[in-house]
Every structure is written in structure tokens, then in C-alpha cells.
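Engineer: sequence plus predicted model, see below.
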Amino acid sequence: MASTFETVANIISSVSDVPRDQITPQSHVMKDLSVDSLAFLDITFEIDRAFTIQLPVDEWLTAVNEGKRSGDDYFILSNLCSQIDAIRATAAA
């Protein structure tokens, strides 16, 4: 089975037409890969489907906008994958 990163990177590449070889664990979805907010919503939808979860994007954006969290916590791919893995672990418990 593909790793979380590989699955997410493939989703980003297919949804946003970013070449797969340009996507690294350190990539920031918006800043480095130039994914806009609408494309990010499409990406999160595909992530939800691929992992059978629901990312709490509204909660994340609220936390960032209120200064409680950094956007890097959710938009740098290694951090996003950690968030996905945590959600999956909670759902499996």
C-alpha cells in the first residue's frame, strides 16, 4: 500500500497538474506548488475519498485565522500527512 505522502502527492499532481516530481514532503501546497484555494478544496475532497476520512478544513482555517496555529501545520505536505494519519488513527480507534 502506498504511503500517505505518496497518495497525497499523487492526488495533488492529478488535481492541480503539478508534476509529481516537483512535490516533496517539504513542499508548501500554496506557496511552493501554487495550488489555489479552490484546487485545495478539490484536493481535500479527493483525500477524504482516498482515506475514507473527513479533513476538518473549516476548523483548521479558523485556527490559522485566529492565530492559534500556523498555516504550515496544514499546508506543508509532511505536516498535512501527519494530520491525515492522526485522523485515520482516531477513526480506527
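Structural biologist: Great, that's in hand.

Engineer: for this protein, which segments count as helices?
Structural biologist: Using DSSP state H, the helices assigned to the chain run over residues 4-16, 37-51, 57-65, 72-75, 77-92.

Engineer: so which of these comes closest to K31?
Structural biologist: Between K31 and the helices of the chain, the shortest gap by CB to CB is with helix 72-75, which sits at 7.6 Å. Yep, even glycine has a C-beta here, placed from its N, CA and C like the rest.

Engineer: report the contact partners of the residue nearest to Y74 when sequence neighbours are not counted.
Structural biologist: For Y74, the nearest residue in space outside its immediate sequence neighbours is W60; the separation is 4.9 Å by CB to CB, 6 or more residues apart in numbering. With contact taken as CB atoms under 8 Å, 6 or more residues apart in numbering, W60 is in contact with 69, 73-74.

Engineer: quick one: which of the residues you listed is nearest V8?
Structural biologist: Using CB to CB, Y74 comes nearest to V8 of the contacts of W60, at 12.0 Å.

Engineer: next, the contact list for the closest one, please.
Structural biologist: When the contact criterion is CB under 8 Å, 6+ apart, the partners of Y74 are 60, 64, 80, 83.

Engineer: buried set for stretch 15-32?
Structural biologist: Under the neighbour-count criterion of 16 or more other CB atoms under 10 Å, stretch 15-32 has 15-16, 18, 23, 27-29, 32 buried.

Engineer: do stretch 74-85 as well
Structural biologist: Using 16+ other CB under 10 Å as the test for burial, stretch 74-85 gives 74-77, 79-81, 83-84.

Engineer: possible to save the helices of the chain as JSON lines with mean pLDDT?
Structural biologist: Formatted as JSON lines, those follow (pLDDT from 0 to 100):
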{"stretch": "helix 4-16", "mean pLDDT": "96"}
{"stretch": "helix 37-51", "mean pLDDT": "94"}
{"stretch": "helix 57-65", "mean pLDDT": "92"}
{"stretch": "helix 72-75", "mean pLDDT": "92"}
{"stretch": "helix 77-92", "mean pLDDT": "94"}
